[in-house]
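J.: Provided below for reference: sequence and predicted model.
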Amino acid sequence: MATSGVEELSMRLLEAFYDLADGKLKQPVSMEEATRASGLDTTSTEPNVALRYLLNGSHLEAADETAGTYEINVPGMDKVRQKRGLDT
């Protein structure tokens, strides 16, 4: 998968985390919910690749990896707001 493809998938997933957290910081959201909301293929490796990209880029943090929940943080929120043309 090309980098631009990973970035596109990651942005879709990040926006899903943002929306499911109602735009609030440190709101745990399940990876399963975010994957469904983003429209990524739940049977492929795409969601895991996108998640790893977001974690490595410091846009998400693990809330409880065992439970599969993650939280959007300030850099992640800024990225979504920038993409959507909202004030940061």
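T.: Right, received. Where do you want to start?
J.: name the SS class of the residue positioned nearest the centre of the chain, please.
T.: Closest to where the C-alpha atoms of the chain average out (CA atoms, centre = their mean) is Leu14, at 2.6 Å. Classification of Leu14 using DSSP: H, G, I helix; E, B strand; the rest coil returns helix.
J.: roughly how far is stretch 39-57 from the heart of the chain?
T.: 8 Å (CA atoms, centre = their mean, to the nearest Å).
J.: same question but for stretch 21-35, I mixed them up
T.: 8 Å.
J.: and for stretch 55-73?
T.: Counting by CA atoms, centre = their mean, stretch 55-73 comes out at 8 Å from the chain centroid.
J.: before we move on, the earlier item: right, and the residue nearest to the centre of the chain touches Lys79 too?
T.: Yes - using CB atoms under 8 Å, Leu14 is in contact with Lys79, at 6.4 Å. To be clear about C-beta, it is placed using only N, CA and C from the backbone, and glycine gets the same treatment.
J.: which residues are common contacts for these two?
T.: Contact criterion CB atoms under 8 Å, 6 or more residues apart in numbering; residues shared by Leu14 and Lys79: His59.
J.: what number of residues lie near Thr45?
T.: 10 (other CB atoms under 10 Å).
J.: please read the previous query as pertaining to Asn48.
T.: 12.
J.: same question, Leu51
T.: Leu51 has 23 nearby residues by other CB under 10 Å.
J.: same deal with Glu61?
T.: 14.
J.: that one and Thr69 touch, don't they?
T.: No - the pair Glu61 and Thr69 does not pass the contact test of CB under 8 Å, sitting 10.2 Å apart.
J.: in the protein, what residue spans correspond to helices?
T.: Using DSSP state H, the helices of the chain run over residues 3-20, 31-38, 46-56, 74-84.
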